[in-house]
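Colleague: I would like to see how this sequence folds:
(one chain, ligands or ions: 1)
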Amino acid sequence: MSPRSTTVAIVGAGPAGLVLAHLLRRAGVDTAVHERLTRAELERAARAGVLEHRVVEHLRGLGLADRLVAEGERHGRCEIVCLGERVTVDYGALSGGARHWVYPQQSLVRDLIAAYEADGGTIAFGSPVAAVAADGTGRPVLRTAEGELRAEYAVGCEGAHGVVAAAFPDRAEGPARRYPYDWLTVLARIDRPVAAVRYAVHADGFAGMMPRTADVGRFYLEVPAGERVEEWAPERIRGELGRRLGLGGADPVPGELLETGVLRMRGRVARRMRHGRLLLAGDAAHTVTPSGAKGLNSAVADAADLAGALTADLLGGDTGALDGYQRRRLEAAWRTQEFSDRLLDLLHLPAGLPPEQREFALRLRLERIRRIAAPGPEGADFARAYAGAGQLTAAPVGAVPRPAAPPPSDAAVSPG
Ligand SMILES: Cc1cc2nc3c(=O)[nH]c(=O)nc-3n(C[C@H](O)[C@H](O)[C@H](O)COP(=O)(O)OP(=O)(O)OC[C@H]3O[C@@H](n4cnc5c(N)ncnc54)[C@H](O)[C@@H]3O)c2cc1C
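Modeller: Below you'll find the predicted structure:
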């Protein structure tokens, strides 16, 4: 097989890879995207669902959020339950108007694939990149089942432990924290939609309830670190969710459990997101726990920034933005980790706390919860960080917005 070549090779078609591919293609940069999963597998994988205000605004400005805005829901309040008290945090008001959008990750991925293909892009699905090396000039060479792929740059949008990261001298490692607990993650059929994210700070461990679609909710239960999912029969899960979350009245009732798993709770930030002509974006460079719903949002923000920086370099010969990419995005990654860690600390009791001291710890947490729910600097700070207020610090140049779509005609076919 003769080697193929492209300008930017992208490994992984998750949110980071798809946004990057789309923006580069639109700016006129040749890209090749390899994804190890089949298209059906990728479009089925249910993970995130709570999207930041600024990320959706950015996607909207690029014409990539039409369906999200039509079908997604806006949420500006969450509830935190502690010692039987349910505190509503009106973060939409506290932040001055920033609210989340609720839209499943797999739907966003499906929309991004459709938009990329509509612009003439193709993705090699079911086609893992096995390894990345450098040629004599330092340019990346990717090994794929279709033969070698040569590129000016290779970007690892491959999630944690990927092949591009493995080609960094330090394997893109960096400071990490393993939390002393795990989360049981559950997707469950529900009889009515989740009206607001609910977090429960409970003597027996944290529990969470997140909106996804009208009849599916995402639930979390704190479990001991290393727990096996087999320990949790459906009845036990439903019982524990009801008890810790204080479900009743008009709350949704979790019914059929569609997916259960145990998420090993970790935070990690690579020391480097660039090594010569190799770059990283999204979970490939940093993983954050789902507590503040930040992973997908950070992945899109990285991709938007990197698209502008690569375009400026490749089409304008201006390397300044690319040289600053790592600094900008590592700073953002640490801000995200700090927020997520602070929220985890609020939502969990200290490890190994004897039962007789738990009420004291819960009472302290209730004070903190009331403070972030109240108008004032602390409430505003939490609300802005949680909702993702403001704008993405993205794409210094090059990310060219798509022209406004023509008004739909009778013959128009709805996307996707
Ligand atoms: C239960 C759960 C709930 C979450 N909730 C939220 C939320 O509400 N909000 C939020 O912002 N985040 C949330 N997250 C995090 C979010 O899902 C991730 O941060 C996000 O998917 C990261 O996007 P990415 O593009 O960087 O990586 P990924 O989505 O992991 O995509 C990487 C892709 O690369 C592919 N790949 C890997 N290796 C190769 C290879 N060698 N060759 C080719 N392809 C390869 C993979 O198959 C994958 O499709 C949640 C995560 C979980 C697990």
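
Colleague: the longest helix anywhere in the chain packs against which elements?
Modeller: With secondary structure taken from DSSP state H, the chain has its longest helix at helix 320-347. Counting contacts by 3 or more CB pairs under 8 Å, 6 or more residues apart in numbering; DSSP states H and E, helix 320-347 packs against strand 197-201, strand 254-269, strand 274-275, strand 286-287, helix 295-316, helix 355-373, helix 377-387. All C-beta spots, glycine's among them, are computed from the backbone N, C-alpha and C.

Colleague: run the chain-centre distance for the longest one.
Modeller: Put plainly, it is helix 295-316. 16 Å (CA atoms, centre = their mean, to the nearest Å).

Colleague: domain ranges for this protein?
Modeller: 4-49+104-174+270-347, 177-266 (automatic domain parsing).

Colleague: now the ones you listed in JSON lines, with mean neighbour count?
Modeller: Listed next are the domains of the chain as JSON lines, based on neighbours: other CB atoms under 10 Å:
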{"stretch": "domain 4-49+104-174+270-347", "mean neighbour count": "20"}
{"stretch": "domain 177-266", "mean neighbour count": "17"}
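
Colleague: in contact with the spatially most central residue of the chain, which residues?
Modeller: For the chain, the residue whose C-alpha lies nearest the mean C-alpha position (CA atoms, centre = their mean) is Leu296; its distance is 1.4 Å. Leu296 makes contact with 15, 47-48, 51, 105, 108, according to CB atoms under 8 Å, 6 or more residues apart in numbering.

Colleague: hmm, back to that, from the middle of its chain, how far away would the longest helix of the chain be?
Modeller: Worked out by CA atoms, centre = their mean, helix 320-347 lies 13 Å from the chain centre.

Colleague: same question for stretch 382-398.
Modeller: On CA atoms, centre = their mean, the centre of stretch 382-398 falls 14 Å from that of its chain.

Colleague: and that stretch, what's its mean pLDDT?
Modeller: In this model, stretch 382-398 carries a mean pLDDT of 81.

Colleague: ok, is it in contact with the ligand or not?
Modeller: No. Residues of stretch 382-398 are not located near the ligand by CB under 6 Å from any ligand atom, the shortest gap being 9.1 Å.

Colleague: alpha carbons of that stretch, as CSV, please.
Modeller: This file holds the C-alpha atoms of stretch 382-398, laid out as CSV (Å, rounded to 0.1, in the frame of the first residue of the first chain):
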residue,chain,number,x,y,z
PHE,A,382,-19.9,29.1,41.7
ALA,A,383,-22.8,29.8,39.3
ARG,A,384,-20.5,31.3,36.6
ALA,A,385,-18.1,28.4,36.8
TYR,A,386,-20.8,25.8,36.9
ALA,A,387,-22.8,27.1,34.0
GLY,A,388,-19.8,28.1,31.9
ALA,A,389,-20.7,31.7,31.7
GLY,A,390,-18.9,34.1,29.3
GLN,A,391,-17.3,33.1,26.1
LEU,A,392,-14.8,30.4,25.1
THR,A,393,-11.3,31.8,25.1
ALA,A,394,-11.0,30.3,21.7
ALA,A,395,-9.6,30.4,18.2
PRO,A,396,-7.6,33.5,17.9
VAL,A,397,-8.0,33.4,14.2
GLY,A,398,-9.1,31.1,11.4
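
Colleague: what sits closest to Thr144 if chain neighbours are left out?
Modeller: Distance criterion CB to CB, 6 or more residues apart in numbering; nearest residue to Thr144, sequence neighbours excluded, is Val129 at 5.5 Å.

Colleague: contacting residues around the one you found?
Modeller: Applying CB under 8 Å, 6+ apart, the residues contacting Val129 are 9, 11, 34, 36, 142-144, 149, 158, 163-164.

Colleague: what do you get for Arg198?
Modeller: Per CB under 8 Å, 6+ apart, neighbours of Arg198: 78-81, 208-209, 245.

Colleague: what's the closest of these to the ligand?
Modeller: Of all the contacts of Arg198, Gly208 has the smallest distance to the ligand: 10.1 Å, by CB to the nearest ligand atom.

Colleague: the closest one is in contact with Val201, isn't it?
Modeller: No. Taking CB atoms under 8 Å as the definition, Gly208 is not a contact partner of Val201, at 10.3 Å.

Colleague: overlap in contacts, the two.
Modeller: By CB under 8 Å, 6+ apart, the residues touching both Gly208 and Val201 are Leu347.

Colleague: how far away is the residue nearest to the centre of the chain from the ligand?
Modeller: 3 Å (CB to the nearest ligand atom, to the nearest Å).

Colleague: redo the domains of the chain as CSV? Include mean pLDDT.
Modeller: CSV is the format used below for these (pLDDT from 0 to 100):
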stretch, mean pLDDT
domain 4-49+104-174+270-347, 97
domain 177-266, 97
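
Colleague: wait, which of the ones you listed is closest to Leu392?
Modeller: Closest of the domains of the chain to Leu392 is domain 4-49+104-174+270-347, at 5.2 Å (criterion: CB to CB).

Colleague: could you work out the end-to-end span of that closest one for me?
Modeller: 50 Å (CA to CA, to the nearest Å).

Colleague: likewise stretch 165-183?
Modeller: 26 Å.
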